[in-house]
Structures are given as structure tokens and as C-alpha cells.
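[1] need coordinates for the below:
(chains A and B)
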Amino acid sequence: MSETVLPVENDIFSEATETRTRRMTLNMGPQHPSTHGVLRVLLELEGETIQNAIPDIGFLHTGIEKQCEALNWQQVVTLTDRVDYLSNLNNNLAYCLSVEKLLQMEIPARAQYFRVMLCELSRISSHLVWLGTHALDIGAMSMFMYCFREREDLLKIFEYFSGQRLMTSYIRIGGLALDAPRGWERIVKKFLETFPSRVEQYEDLLNNNPIWTGRTKGIGPLEVSRMINLGITGPLIRACGLPHDLRKMEPYSGYDKFDFKVCTSTDNDVWGRYQVRMGEFRESLKIIQQAMDGMPGGPVQADAPKVVLPDREKMKTQMEALIYHFKIVTEGFAVPEGEAYVGIESPRGELGYFVVSDGSAKPLRVHMRTPSFGNIQALPELMEGRMIADSIAIMGSLDFVLGDCDR
Amino acid sequence: MLPEEIKAEPLVQALNQFVIGGHKQHGDLTVEVSAANIVPALRLLHDKEQFNRLSTITAIDRYPAEPRFEVVYQIQSMDRNLRLRVKARLHGDNPKIDTVTGIWKGANWYERETFDLFGIVFQNHPNLIRLLMPEGYDGHPLRRDFPTHGNKYSYQNE
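    Numbers count the residues shown, from 1 in each chain, chains lettered A, B, ... in the order given. Below you'll find the model as predicted:
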């Protein structure tokens, strides 16, 4: 056995001081559990401090915008479900509103009330996924179980309405796919009765939890002016104290008939964003209750025989109805030439659909202004100078969906 | 030159020197400016008319018509609760336009996306590389002359 000679001049302390100034590049993702999808963030580190963060997206790019151009107007609704798969009803609504703007179509009040109610249920469901996974990332494991328990109730409601748990496609151009099933009040009411106590339960678990407060308070602030300049929307901007909510600013689908307040916080950090979203749980419940109480009767589809499929009974007895049915099914319907942009307040921020028609039965262009795409751009500014552990909390507070971002 | 319907709009008058067209459709005001004037026009809107937020930048391809591309800027004034759509037309051969990242930092990714999917070059952009498609990808998928099933590895060639 030969003796090994240790290099004495290379003492451990000098090496340590040397590495302290050396920059290291760390690949976070694409398969990191806290990135909620496939996001890669290139972190440039000095020790544990993030000097620069470069988000790299596109791993979930599926060419939905291109595919929209190959389908007819009504078929595109099914693709919008797959953009933001946690709040698909909001996507359905934004697309349908923009096409209805081009068609200049009046939607019956009953359909509008159902749209509002379902979008708010969808907002709660999306916020529940956010709360569960965000808390899981930070270390509060049990939250995930509780949140997904309630989400299951919501998915059952969606299934009851549309026959699908996730890809509902329930909101269609011209109204809804079909009228609400019998007994819908009962299951929605049951949810409304149980959920407020569940929100209190979440707050009991988190608000006084020293680990939770320690990891969220004061983390990831950014000045309002820089946020606006970066184009950030949704709970992030409301957490700076700015009441920017498209439901109030540009009321769509009859939101002006509902009484609710815009939740804001002045904390401007991960904690503030948590507070805003917890407040939105309660406001959404208020809106759902109002929609249930004031639900008007009447049809759920617009009186537009060239766009909306005719009633089955009419089809069997009336010649015109049969012709319209044949035309809509075989070639779709033409949308007048023009362009329209409608932005709605999705759980993540401004979700806008920009549709362009050349007068044919297929869109010339469907552009989605998705909130996650806009918000992820802020990652470098939010993360700069923070510790690696904070980056998880910051990413969680953005509440992005990569399907929404990459499309 | 300007359509009658938008002449009286205060925003059109504020932008008077730049506006070369536009329309008002379903309540949305659209103004068209020439591609060379896009930065001064948008800077004027940002500085003087409080359009502090950029919603999105995208493009429309009207192939085979020429000029085939329309670059579309959706901007919003949060204080005045107002939206405006600004457009610039570009010819199909060597389409390029100046970047607006100097006005809104958030324009960065929207311009990269438009470059990636339409092949429109944004001059003076800090980092104009592909965003959604992989590096070294050939072609710009959202152009109308790009087949929906892809230009290469398609099941239709098998």
C-alpha cells in the first residue's frame, strides 16, 4: 500500500473563500416539482443568492393557435379548454365572448348567469389547486389533501353540468351547450354551505403557522410601476393595493349586476398574494349565491338559428330547422369579417382572446393573451437577490400554468 | 385619407401626425400607423395619454395579400380604463419593425414570440431568439403558408 501525500498548500479555507465569489449556474426544472408543469429556470447563483434567473418556456407548446385556424368557429371551444386546464370555463367564456362580439349576438340572461356562476366555481377550483400546491411546496403538506378534497366537490359539479370533470366545453358560442341538469341547485347549495367553514379551516392552519408566515412575509416584493410596465395582472397586481379587476373595470357577461368587492392587499409579497386569493374565495362565494338567488328563467341559447343548433323537436317537424342543422354540422357558420379583443379576469389575471375573421367558417387568427405568459416574465425581477428557497415561494405565488403559458 | 368614423376620436387627434388609417368596430378603436413610426407613436401614447400597460403584441398574416403582415399592439390605460389597438403593416419580404421594449419591458416576450412564430424581426430587441419553438427550428409555424401538420416530420410523408 502506497502512501498518499496530501497537498498541504491547498488549505480548505482559501478554497472556500475562492468559491464564494464564483458564480454557479443551476438548472431548475424542466422537471422540478415546484415549477407546476414544465418550466425551466436557469439560476445564476453566488452562494445561495440568486443573481439572475432566466425562465425558459416552450416545453408545452402544442401549437393551439395554429390548430384553431384549421377548425371551425364552434370547434375551437374544445381547444380553449386545453389552454389553461385549471380554469377551462374562463377560457371558454373569453373565446365565446370575443366571437359573440364579432357576431354581435345577444346572450339570454339565464345563460349569462350560469356563465358567471360557473366561472366563479372554476375560479375557486383553480385557487384551490394553487393553495394546495403552493402550501405543499413551502412545506405544509396537509393543505394539499384538504384543498383537493374540496376541488373534488367542484369537479363533480362540473361533471353534473357538462358531463366532463376537466375539459368541460360547456360554454359555447351563442350560450351554453345545454340547459342545467335537474337538481343543480341542490349540489351547488351544498357546496356553498360547506365551503365557508373550509376556508376558515385553511386560514386556521396557515395564518398563525410560524413556518408559513416566515416563508411568505416580505418575500418577493416589486414596485407597482415596474409591475405595470412588465404587464403583470391578476392577484399579483391586486396584492400591491391596485384594484385592477376586469370584472369591475370592463364588466362582461353581466358582472355589473353582481355585488362584490375587489380584494386587494398592501403587503406586495407572497403573503399579500395569499391574502388576496383567500379573499377571492369569499367574494366568489358571494357571487355564486347571488347568481343562484337571481337565476332568471328562459332559454340558455341565443335566438340565432344560423349559429345555434336547433332544438331536436323542432328539427323533426320544421324544414328550416333541419336545413340549419345540416348547414351548421357540415360547414359551420360564417362570422362577419372583422376583429375583436375581449379580456376577462381569469383566476390568474387578464385572459384575452383576439380573434380575426375573414368572413369564412374558420378563424383567420386566434391569439390568446394568457395571464401566465405575462406573469412569468416577472420572474427575473422578483427573484433577483433572493435565496434559492425563496424562489419556490415566489414561483408558487405567481400561480402559473404552463399549458396556459406555452399554448 | 382617414375614415370619417374615427376622425373625431380624441386619441386619433392626439396621434394625428402618425395615424394613416384605422376603424372602430364593435366599440374597439384601432389606429394604424406606419411601421417606421411605431416607436414614436407608442411612446406618445405611453407618455402623454397614460397608456401605461401593454396587453399583448401579436401579428396577423394575410397571405397571399400584400402587405401580408399586421403587427398588432393591444394597449391599455389603467387610469383612464381605456383600450386601444395599434397596428402596423409589413411586407412579406424581410419583415422588420422596431422594438418597443424601451417603452414597456413586458414587450420582450411578446416580440420574441411574434418573431418565433411569424418571422418578424424586431430591431434593437435585447435578446431576439426563439421562445416557444426549439432552437434551430426551420420555419415560422403561424404563417399561413406553413402547413398545419408541420413542414417536416409529418405522418403524411410516411
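[2] use CA for all of it now, contacts and neighbours both
    Will do.
[3] A:Lys156 reaches A:Arg165, doesn't it?
    Yes: under the criterion of Cα atoms under 8 Å, A:Lys156 makes contact with A:Arg165 at 6.5 Å.
[4] look up phi and psi at whichever residue of the stretch 201-350 of chain A sits closest to chain B.
    Residue nearest to chain B within the stretch 201-350 of chain A: A:Leu230 (3.9 Å; Cα to the nearest Cα). Backbone torsions for A:Leu230, taken as degrees, to the nearest 10, come to phi -80, psi -10.
[5] quick check: closest non-adjacent residue to it.
    B:Gly106 (3.9 Å; Cα to Cα, 6 or more residues apart in numbering or on different chains).
[6] and that neighbour, what does it touch?
    A:229-231, A:374, A:377, B:54 (Cα atoms under 8 Å, 6 or more residues apart in numbering or on different chains).
[7] all strands for chain B, in order.
    Per DSSP state E, chain B carries strands over the ranges B:19-25, B:28-33, B:53-61, B:69-77, B:82-90, B:96-98, B:121-123.
[8] and of those strands, who's closest to chain A?
    Taking Cα to the nearest Cα, strand B:53-61 is the member of these nearest to chain A, at 5.9 Å.
[9] the closest one vs strand B:82-90, what angle?
    Interaxial angle of strand B:53-61 relative to strand B:82-90 (axes from the mean of the first three to the mean of the last three Cα atoms, to 10 degrees): 30 degrees.
[10] flag the shaky bits of the chain, pLDDT-wise.
    You didn't pick a chain, so chain A it is. A:1-21, A:33-35 (pLDDT under 70).
[11] my bad, the chain I had in mind was chain B
    Residues of chain B meeting the criterion pLDDT under 70: B:1, B:152-158.
[12] break down it into its helices, ranges please.
    Assigned by DSSP state H, chain B shows helices spanning B:4-7, B:10-14, B:38-48, B:107-118.
[13] partners of the residue nearest the centre of chain B in the sheet?
    Against the mean C-alpha coordinate of chain B, by Cα atoms, centre = their mean, the closest residue is B:Val71 at 2.4 Å. Taking DSSP bridges as the rule, B:Val71 bridges to B:Ala59, B:Ala88.
[14] thought it was touching B:Arg62?
    No: the criterion here is Cα under 8 Å, and B:Val71 misses it with B:Arg62 at 11.2 Å.
[15] just give me the neighbour total for residue 40.
    You didn't say which chain, so I picked chain A. 20 (other Cα atoms under 10 Å in any protein chain shown).
[16] oops, I was thinking of chain B
    14.
[17] can you say which of the helices of chain B is nearest to A:Val308?
    helix B:4-7 (32.2 Å; Cα to Cα).
[18] list the buried ones in that closest one?
    B:6-7 (16 or more other Cα atoms under 10 Å in any protein chain shown).
[19] show me what that helix is packed up against.
    Secondary-structure packing of helix B:4-7 (3 or more Cα pairs under 8 Å, 6 or more residues apart in numbering or on different chains; DSSP states H and E): strand B:19-25.
[20] break chain A into its domains for me.
    With domains defined by automatic domain parsing, chain A comprises A:12-56, A:64-406.
[21] show the contacting residues for A:Gly294.
    By Cα under 8 Å, 6+ apart, no residues touch A:Gly294.
[22] give me the phi and psi for it.
    Torsion angles at A:Gly294 (phi, psi; degrees, to the nearest 10) stand at phi -100, psi 20.
[23] what residues does chain B have near chain A?
    Within chain B, the positions near chain A by Cα under 8 Å from any Cα of the partner chain are B:25-26, B:28, B:52-56, B:58, B:60, B:78, B:81, B:104-107, B:109, B:131-134, B:141-142, B:148.
[24] go again with 7 Å.
    B:26, B:52-56, B:60, B:81, B:104-106, B:131-133, B:142, B:148 (Cα under 7 Å from any Cα of the partner chain).
[25] now which of the residues you listed would you call buried?
    Buried among those by 16+ other Cα under 10 Å: B:52-56, B:60, B:104-106, B:131-133, B:142, B:148.
[26] just put these in a markdown table and tack on distance to A:Pro55.
    Output for those, formatted as a markdown table (distance: Cα to Cα, whole Å):
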| residue | distance to A:Pro55 |
| --- | --- |
| B:Asn52 | 24 |
| B:Arg53 | 22 |
| B:Leu54 | 20 |
| B:Ser55 | 20 |
| B:Thr56 | 19 |
| B:Ile60 | 27 |
| B:Trp104 | 19 |
| B:Lys105 | 15 |
| B:Gly106 | 14 |
| B:Leu131 | 10 |
| B:Leu132 | 12 |
| B:Met133 | 15 |
| B:Leu142 | 23 |
| B:Thr148 | 28 |
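[27] pick out the most distant pair among the residues you listed.
    For those, the farthest-apart pair by Cα to Cα is B:Asn52 and B:Thr148; their separation is 36.4 Å.
[28] which residues of chain A lie near chain B?
    A:57-58, A:61, A:66-67, A:101, A:228-231, A:249, A:365, A:369, A:406.
[29] which of the residues you listed tops the neighbour count?
    A:Gly231 (27 neighbours).
[30] which residue, neighbours along the chain excluded, lies closest to that one?
    Using Cα to Cα, 6+ apart, the nearest residue to A:Gly231 is B:Gly106, at 5.4 Å.
[31] and the one you found, how close does it get to B:Asn52?
    11 Å (Cα to Cα, to the nearest Å).
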